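> Model the structure of this input:
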Amino acid sequence: MTVLSASVVVVGSGMGGATTALALALRGVDVLVLERGERLPREPENWSARAVFVERRYKPDEQWLDGRGHRFSPGVHYVVGGNTKVYGASLPRFRESDFEAVEHLEGTSPAWPFEYRDLEPFYGEAERLLGVHGTTGEDPTEPWRSVDYPFPALPHEPYVADLAVRLREAGVHPSSTAMGLDRRPGGACLRCGTCDGFPCRVDAKADAETRALEPALATGLVRLATGVRVRRIVTDRSGRRVDHLVAQGPDGEVTVRAGRFVLSAGAVNSAALLLASADDAHPSGLANSSDQLGRRFMMHNNAHVAAVSASRRNDVTFQKTLAVNDWYLDGGDGYPLGSLQLIGKVQGVMIQSWRPRVPLAALDRLAARSVEWLVMSEDLPSPDSRVRLDPAGRIVTDRHAVGRSTHRQLHRRATRLLRSIGYLAVFTQWFDISMNSHQCGTVVAGVDPKTSVLDPWCRTHDLSNLWVVDGGFFPSSAAMNPALTIAAMALRVVAESELAT
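The predicted structure follows:
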């Protein structure tokens, strides 16, 4: 049996795990990062839409179950860097109100156990780490900041610049998207058309491996073990501390020992591992005295829309530089609606991945005259929306989305807006459970151990040497991309908790 050890062991190398490892290393802490996958290969297929979207080259063969017992292939990536290897690198801050209790049309978005001002310094630090490009003064909902963006916003290509003019004439306030790309002078970014949803062959995307894990490894204080999947967390005799991890490595079983442990496997897998580690002292799963482990699973109410114009051909290469947040705080009736943001330019073969019966030539003609948006609304937490394990140990994501009426309202508002500026048709792809987009909420943070799994610094209430640093800690989902908030929280956890001591 192989034995691995470190002062701190981090399970998972995505945004939460890699940022935590780097922050610990910069404080002189010995860290071991465990990743169940391997490094994603740099190869021509990285930029092949067919390989990535149709053949699912970088997604695992693993299947999960939905709440009705139907199998599906989850939209997750088990590689070094996790899902950030293919994310769109949109890195906005949550708004101040996202940390407060907010009434929505279908319920209440709960307050977080800390305020925006508590996380604000770490947002600035995370933006520096990830090299975020952005601008202030355009978005009427943007929160205050103590430091400016590290780099100016990415300029719009002519098609998008014209789109912004037409949107302003229609009465809304389009703003630049905060992006984590290496477009500084002499930077690696080629501003190509294969960024959003694709791996980056030139390491220009601010993914967790490139911007956090590699610098962490360069300190000499962080080690990375790939192909090591943690199967069980074992507590000591007191039941109040983690003693070791049981994992499966390339050569068999591995025992992993440390003084402190961090789970950063993603909201679903972190919850599933804690549930799978149930023992006599914790019969319903580790860190689950509150019975909230796995509950309040959220993943945003999302849809992709393609707005088609008969008179305008879309010749853009890098499309994802614009957002509209006018209805984020108030849709006009006192209730929030959500955000609209451009996504990377869609190719016909990418549409064919979910409309396989439509001829590719027709989809190519459609894509040549379309502009594509993500319509995002908040998914409110529900105790019935949960991650659990079936008797065979398979992951079940039983989702009861709350906020669909709000999302439909935002979708109608977006459709009317786009038609008012000259788009004749709007086609919609509604996200389903298989997308697993922006998963969060399964190990919720809070002040009261009776109603939460983690404390405000992501340490479990029940186990004194176990932290969970990924989207699982979110009390609410907001309606913004979560990656920057996860990175900022990782920096706050290391700076303010006992994890680094």
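
> residues touching residue 101, list them.
108, 109, 110, 111 (C-beta atoms under 8 Å, 6 or more residues apart in numbering). (Each C-beta comes from the backbone N, C-alpha and C, glycine too.)

> Could you pick out the buried ones from these?
Of all the contacts of residue 101 considered here, the ones buried according to neighbour count by 16 or more other C-beta atoms under 10 Å are 109, 110, 111.

> so the first one touches residue 380, yeah?
Yes: here residue 109 reaches residue 380: they are 5.8 Å apart, a contact under C-beta atoms under 8 Å.

> so what sits against both of those two?
Counting by C-beta under 8 Å, 6+ apart, the shared contacts of residue 109 and residue 380 are residue 476.

> for the protein, what helix or strand is lowest in average pLDDT?
Least confident helix or strand, the chain: helix 348-352 with a mean of 89, by mean pLDDT, DSSP states H and E.

> Pull the residues that contact that one.
Taking C-beta under 8 Å, 6+ apart as the rule, helix 348-352 contacts 49-50, 53-54, 197, 306, 358, 360-367.

> for these, which one is nearest residue 480?
Nearest to residue 480 among the contacts of helix 348-352: residue 197, at 18.5 Å, using C-beta to C-beta.

> Can you tell me which residue is spatially central in this protein?
Nearest residue to the geometric centre of the chain (C-alpha atoms, centre = their mean): residue 438, 4.2 Å.

> Quick check: nearest residue in space to that one, chain neighbours excluded?
Distances taken as C-beta to C-beta, 6 or more residues apart in numbering place residue 300 nearest to residue 438, at 4.7 Å, with adjacent residues excluded.

> Kindly report the same for residue 201.
residue 46 (4.6 Å).

> tell me the contacts of that neighbour?
By C-beta under 8 Å, 6+ apart, the contact set of residue 46 is 40, 52, 194, 198, 199, 200, 201.

> Name the pair among those residues with the greatest separation in space.
40 and 194, at 14.2 Å, using C-beta to C-beta across the contacts of residue 46.

> re earlier: looking at the contacts of residue 46, which are in helices?
With DSSP state H as the criterion, helices contain none of those.

> on that earlier part again, state the number of residues packed around the residue nearest to residue 438.
Residue 300 has 27 neighbours, counted by other C-beta atoms under 10 Å.

> surely it meets residue 380?
No: here residue 300 does not reach residue 380: they are 10.8 Å apart, not a contact under C-beta under 8 Å.

> Now list whatever residues contact both of these two.
residue 477.

> So which bits of the top strand by length along the chain are buried?
Longest strand in the chain by number of residues (criterion: DSSP state E): strand 252-263. Neighbour counts over strand 252-263 (16+ other C-beta under 10 Å) mark 254, 256, 258, 260, 261, 262, 263 as buried.

> What is the distance between that strand and the centre of its chain?
Averaging C-alpha positions (C-alpha atoms, centre = their mean, to the nearest Å) puts strand 252-263 25 Å from its chain's average.

> what sits up against the next helix or strand after it?
Next in sequence after strand 252-263, counting helices and strands by DSSP states H and E, comes helix 267-276. Contact with helix 267-276 is made by 11-12, 64, 74, 76, 230-233, 263-265, 284-288, 293-294, 297, 387-389, 393, 395, 397, 436, 439-443, 468, 470-472, 474, as judged by C-beta under 8 Å, 6+ apart.

> List buried residues within those residues.
If you count burial by 16+ other C-beta under 10 Å, the buried members of the contacts of helix 267-276 come out as 11-12, 64, 74, 76, 230, 233, 263-265, 285-288, 293-294, 297, 387-389, 395, 397, 436, 439-443, 468, 470-472, 474.

> From these, which land in strands?
11, 64, 230, 233, 263, 387, 388, 389, 395, 397, 468.

> OK, contacts around the last one?
Taking C-beta under 8 Å, 6+ apart as the definition of contact, the neighbours of residue 468 are 262, 263, 264, 270, 287, 443, 453, 454, 458, 460.

> cutoff 6 Å now
The neighbourhood of residue 468, defined by C-beta atoms under 6 Å, 6 or more residues apart in numbering, consists of 263, 270, 443, 454, 458.

> Run through the bridge partners of it.
Per DSSP bridges, the residues bridged to residue 468 are residue 263.

> tell me which strands and helices the longest helix belonging to the chain is in contact with?
Taking DSSP H as the criterion, the chain has its longest helix at helix 404-420. When contacts are defined as 3 or more C-beta pairs under 6 Å, 6 or more residues apart in numbering; DSSP states H and E, helix 404-420 packs onto strand 301-308, strand 370-377.

> if you set the cut-off to 8 Å instead, what comes out?
Judged by 3 or more C-beta pairs under 8 Å, 6 or more residues apart in numbering; DSSP states H and E, helix 404-420 is in contact with strand 301-308, strand 370-377, strand 425-430.
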